[in-house]
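# Got a predicted model here, sequence first, then my questions.
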Amino acid sequence: QVQVVESGGGLVQAGGSLRLSCAASGRTFSSYTMSWFRQVPGKEREFVAGMTWRTDYADSLKGRFTISRDNAKNTVYLQMNSLKPEDTAVYYCAARTDLLLLIRSPSNYNYWGQGTQVTVSS
């Protein structure tokens, strides 16, 4: 079993920044596919950004969000800049213990964190 724990959510004004962190357990973290998704009530979970040997971003978020990882700390980060009220959602970290080609589909991940709330006020 892989434990996935997010942190770093909160309330921020529009135009501000937040950095989310996600720690995952396991000895082979460097080979994990790690991604961020977000969800608002009544809508499907939406891909935000993902990382294997390459990074991938939702088209609408390119340039504002940056995913990175520190394999020594078993941690992946999501830096969110120029936040907008429409970025308000619960953000989830997802892990898969091998390298995915189709990283945008939430059904391809077998480990999830509990989610962290991000609220952007106007």
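Done, it's in.
# how far out from the middle of the chain is the helix or strand where Ile67 lies?
Using DSSP states H and E, Ile67 sits in strand 65-70. From the chain centre to the centre of strand 65-70 is a distance of 9 Å (CA atoms, centre = their mean, to the nearest Å).
# Any buried residues in that strand, and which?
With burial defined by 16 or more other CB atoms under 10 Å, the residues of strand 65-70 counted as buried are Phe65, Thr66, Ile67, Arg69. For every residue, glycine as well, the C-beta is placed using N, CA and C.
# partner residues bridging the residue nearest to the third one when sequence neighbours are not counted?
Same thing as Ile67. Nearest residue to Ile67 in three dimensions, chain neighbours excluded: Ala49, at 4.0 Å (CB to CB, 6 or more residues apart in numbering). Here Ala49 sits in beta bridges with Trp36, Tyr57, going by DSSP bridges.
# Next, count neighbours for the residue lying closest to Tyr109 once chain neighbours are set aside.
Of all residues not flanking Tyr109 in the chain, Ala94 sits nearest, at 3.8 Å (CB to CB, 6+ apart). Neighbours of Ala94 under the rule other CB atoms under 10 Å: 25.
# Against which helices or strands is the helix or strand hosting Ala94 packed?
Assigned by DSSP H and E, Ala94 belongs to strand 89-96. Applying 3 or more CB pairs under 8 Å, 6 or more residues apart in numbering; DSSP states H and E, we find strand 89-96 packed against strand 4-7, strand 18-24, strand 33-39, strand 111-112, strand 116-121.
# most packed of these?
strand 33-39 (a mean of 24; mean count of other CB atoms under 10 Å).
# I'd like the distance between the residue nearest to Met34 when sequence neighbours are not counted and Leu100.
Counting by CB to CB, 6+ apart, Met34 lies nearest to Val76, which is 4.2 Å off, once chain neighbours are set aside. Note on Val76: its distance to Leu100, by CB to CB, to the nearest Å, is 14 Å.
# which one of those two has more residues nearby?
Using other CB under 10 Å as the criterion, Val76 and Leu100 rank with Val76 on top: 28 against 16.
# In contact with the nearest residue to Tyr77 once chain neighbours are set aside, which residues?
Here the nearest residue to Tyr77 in space, its sequence neighbours aside, is Ser68; by CB to CB, 6+ apart that works out to 5.0 Å. By CB atoms under 8 Å, 6 or more residues apart in numbering, the contact set of Ser68 is Met51, Val76, Tyr77, Gln79.
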